[in-house]
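1. here is the input, now give the coordinates:
(2 chains)
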Amino acid sequence: MTERNAPVYRRAYRPADRRLVGGVATGLADHFGVNVIYVRAAFIVATWLNGIGVLAYLLMWRFLPLQQPEMSPGLEAATRQGLRTSPNRPRPIEIIQTLAIGMVGVGVLVFIQSTGRGINGTLLGPALVAVIGLALIWRQFDDVAWKRWMRQTSGFGFAARIGAGGVLIAFAGLYFITQERGWGGMIDLALALGVAVIGLALILGPWITKLLGDLTEERRARVRSEERADVAAHLHDSVLQTLALLQKNAGDQATVATLARRQERELRAWLYGNDEQPSDSLVAALRASAADVEDAHHVPVEVIAVGDAALDSDVAAVAKAAREAMINAAKHAGVDRIDVYAEADGQTVEVFVRDRGVGFDPESMADDRMGVRGSIVGRVERHGGTVTIRSKPGEGTEVAMTMPVRTPDLVTTEEPS
Amino acid sequence: MTEPLRVAIVDDHAMFRRGVRAEIDGPVEVVAEAEDVESAVTALVETKPDVVLLDVHMPGGGGLEVIRRLHVRHPDMKFLALSVSDAAEDVIGIIRAGARGYVTKNISGPELLAAITRVAGGDAVFSPRLAGFVLDAFAGTIEVAQIDEDFDRLTEREREVMRLIARGYAYKEVAKELFISVKTVETHVSSVLRKLQLSSRHELTRWANDRRLI
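-> The predicted structure follows:
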């Protein structure tokens, strides 16, 4: 789906919800459409060549923007309140897999070192520590959970963080003492200092992040209060109105059901959907028709869609014919549910409207049944499509419409710009 | 007649739990109710029901978290997701975690009972909506060279079955339409469920991210 309508400029991102370390490998895998394990392997192989892999990883970590998952308001709220777990969290098997290839990578690296062809021995140790320190700090910058951990100033998290920083500093000190001789000592001192600074940064990190955090927190609070106002307005407009209507019509079962159904549909669209207009696409048009039929005839219409297509004149004809089919089913079939299924794969559009109602004999369908002949069959066939109507008395009716698509479809082209 | 199935209802809305209980108690035995992840895990480990009706969104991490904690240790416990959330990523997510089906909360009592029985028997329950999500997730052609496993695509027959379910056909009607037995339909649906759970096809995870349609 994504390949077909790739925008002109495609950027790589680091997906915030699926990363193991920095999300660079996952982001690149998404970008190039390959399995993430190959990207990780590539980084490790590149590391054997004078550590290029690590360097590349760190650079991309810095320059690829972090992408927070974009979610509908309903999902965002559920996530905030801890009502859901992201299904995209890396699985344990993936972590183990990555650790395994990491181990192999380290093994080969050690082997290369032992042949004396690797990175300068005195540099390797501090470089390793520095990389780990960097990874720790950068991860802290973009990870919310980590941010919380880093901001703690008491308890286990605090102790662990101090411990981590302390160990790094001790490591640097030890290194300095054992290496203290000659010209090399100067380089070593610089390196050791570098490591010590990283350790300090780990300890001081919480206060710095807290400062930054307070700023973002303030901004977030403002956004939140705006959102709350939106929700209040929405609830007032729709839900309260519906509740009032329900009270008025409490005796009329069909009206109550229809009102409840419409409110449900609206709320669902608002929470989990996007603001689509009926003129936008086939699916949007079908949903709008379904909503109208539900309201007018008190029959629930379930619309299931796979893919979507732009509403050119051909596809619009199908949408209109489908609407007629829904109205027919609602009027004549005597059922409590109509199923609509639409599938668009880029070449053809197919729409099925089905009920389990009384049915009729298509052979004896009178020519004056304008509804079926003219507005369904005729309309679709004029645009080069086909219609099959299957019905038997007592077994329901299914209207199947197929239409070749001329224009390339515009499936969900709402890439983050 | 054999013993009635033992069912647990896990949902954070007490009113909903009461409603479901009233509808299904009798033909099946409701042995536990829980309202969040912690209480659910405790109650489920204690009572070991045959089928768990599981809400997708719940305090403590949602239904997904419940399945993650219990599925490995209690493989006999069958989960049926029951939710108002139509977010595709959550529905597919909970199936991939191990639930054997997904139905929406406005399902009728008899239909829910049928679904519970089906799940308890080891089969999968696909509503039209879930079938639509699945077709979408496996949509698009991928080059044969990119396919690591058979899990990554549906067979022509499975696709046909999914399409019919999405069109509103019950299993029995699917069987009649394709001139196969209901048992065969069940086999196809279970095999789709397994592919959904095992596929490492990267489109499947990315799809959930890209997708923002209902």
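
2. next up, the contacts around the one residue in the stretch 301-417 of chain A that gets nearest to chain B.
-> Closest contact between the stretch 301-417 of chain A and chain B, by C-beta to the nearest C-beta, is at A:D339 (2.7 Å). C-beta here means a position set from N, CA and C on the backbone, and glycine is covered the same way. By C-beta atoms under 8 Å, 6 or more residues apart in numbering or on different chains, A:D339 lies in contact with A:301-302, A:304, A:352-355, B:128, B:167-168.

3. buried subset of those, written for PyMOL?
-> Entered in PyMOL, the line below selects the buried ones among the contacts of A:D339, by 16 or more other C-beta atoms under 10 Å in any protein chain shown:
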select buried, (chain A and resi 301+302+304+352+353+354+355) or (chain B and resi 128+167+168)
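
4. may I see the contacts of A:D339 arranged in a markdown table, with secondary structure, pLDDT and distance to A:A322 as well?
-> What follows is these, written out as a markdown table (DSSP: H, G, I helix; E, B strand; the rest coil; pLDDT from 0 to 100; distance: C-beta to C-beta, whole Å):
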| residue | secondary structure | pLDDT | distance to A:A322 |
| --- | --- | --- | --- |
| A:V301 | strand | 88 | 10 |
| A:E302 | strand | 87 | 13 |
| A:I304 | strand | 89 | 13 |
| A:F352 | strand | 93 | 9 |
| A:V353 | strand | 92 | 6 |
| A:R354 | strand | 90 | 11 |
| A:D355 | strand | 88 | 13 |
| B:P128 | helix | 87 | 16 |
| B:R167 | coil | 89 | 13 |
| B:G168 | coil | 86 | 14 |
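
5. closest to A:G384 out of the contacts of A:D339?
-> A:F352 (18.6 Å; C-beta to C-beta).

6. low-confidence stretches in chain B?
-> Applying pLDDT under 70 to chain B picks out residues B:1-2, B:85-86, B:140-152, B:200-214.

7. could you list the domains of it?
-> Using automatic domain parsing, the domain ranges for chain B come out as B:1-122, B:124-214.

8. now distance to A:R10 too, for those, in JSON lines please.
-> Formatted as JSON lines, the domains of chain B follow (distance: least, C-beta to C-beta, whole Å):
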{"stretch": "domain B:1-122", "distance to A:R10": "21"}
{"stretch": "domain B:124-214", "distance to A:R10": "12"}
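
9. the contacts of A:D339: which two are farthest apart?
-> Greatest spacing in those, by C-beta to C-beta: A:I304 and A:D355 (14.6 Å).

10. near chain A at all, the one helix or strand B:A175 maps to?
-> According to DSSP states H and E, B:A175 maps onto helix B:171-178. No. Using C-beta under 8 Å from any C-beta of the partner chain, we find that helix B:171-178 stays clear of chain A, coming within 8.6 Å at best.

11. tell me the buried residues in that helix?
-> Quick answer for helix B:171-178 (16+ other C-beta under 10 Å): B:171, B:173-175, B:177-178.

12. which residues sit against that helix?
-> Defining contact as C-beta under 8 Å, 6+ apart, one finds that helix B:171-178 is touched by B:157, B:160-161, B:164-165, B:169, B:181-182, B:184-186, B:189.

13. of those, which pair is most distant in space?
-> Greatest spatial distance among those (C-beta to C-beta): B:I165 and B:S181, at 16.0 Å.

14. which one of these two has more residues nearby?
-> B:I165 (28 against 11; other C-beta atoms under 10 Å in any protein chain shown).

15. that one: which element?
-> Assessed by DSSP H and E, B:I165 sits inside helix B:156-166.

16. low-scoring stretches of the stretch 301-417 of chain A, by residue?
-> Low-confidence segments of the stretch 301-417 of chain A, defined by pLDDT under 70: A:363-371, A:407-417.

17. quick check: residues of it near chain B?
-> On the criterion C-beta under 8 Å from any C-beta, chain B has as its neighbours in the stretch 301-417 of chain A the residues A:302, A:304-308, A:337, A:339, A:341, A:343, A:345, A:352, A:354, A:398, A:412, A:414.

18. what segments of the stretch 51-200 of chain A are helices?
-> Remark: helices assigned in the stretch 51-200 of chain A by DSSP state H, counting those that start in this stretch are A:52-63, A:73-80, A:92-114, A:121-142, A:144-151, A:155-179, A:182-234.

19. where among these is the average confidence lowest?
-> Sorting the helices of the stretch 51-200 of chain A by mean pLDDT places helix A:144-151 lowest, at a mean of 50.

20. on the three-state scheme, B:L80 is what?
-> strand (DSSP: H, G, I helix; E, B strand; the rest coil).

21. err, A:F360, not the other one
-> coil.

22. thought it was touching A:P393?
-> Yes. Judged on C-beta atoms under 8 Å, A:F360 makes contact with A:P393 at a distance of 6.2 Å.

23. tell me the first helix or strand C-terminal of the helix holding B:A175.
-> Once helix B:171-178 ends, the next helix or strand along the chain (criterion: DSSP H and E) is helix B:182-198.

24. ok, back up a step: and the helix holding B:I165, C-alpha only, in CSV?
-> Provided in CSV are the C-alpha atoms of helix B:156-166 (Å, rounded to 0.1, in the frame of the first residue of the first chain):
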residue,chain,number,x,y,z
GLU,B,156,-6.2,-17.8,-2.6
ARG,B,157,-8.7,-19.9,-0.7
GLU,B,158,-8.0,-18.2,2.6
ARG,B,159,-8.5,-14.8,0.9
GLU,B,160,-11.8,-16.0,-0.6
VAL,B,161,-13.0,-17.1,2.9
MET,B,162,-11.9,-13.8,4.4
ARG,B,163,-13.7,-11.8,1.7
LEU,B,164,-16.9,-13.7,2.2
ILE,B,165,-16.7,-13.1,6.0
ALA,B,166,-16.1,-9.4,5.4
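
25. name the residues that touch that helix?
-> Here helix B:156-166 makes contact (C-beta under 8 Å, 6+ apart) with A:304, A:306, A:341, A:343, B:126-128, B:131-132, B:134-135, B:138, B:154, B:171, B:173-174, B:177-178, B:185, B:188-189, B:191-192, B:195.

26. please repeat the previous calculation with a cut-off of 6 Å.
-> A:304, A:341, B:126, B:128, B:131-132, B:134-135, B:174, B:177, B:188, B:192 (C-beta atoms under 6 Å, 6 or more residues apart in numbering or on different chains).
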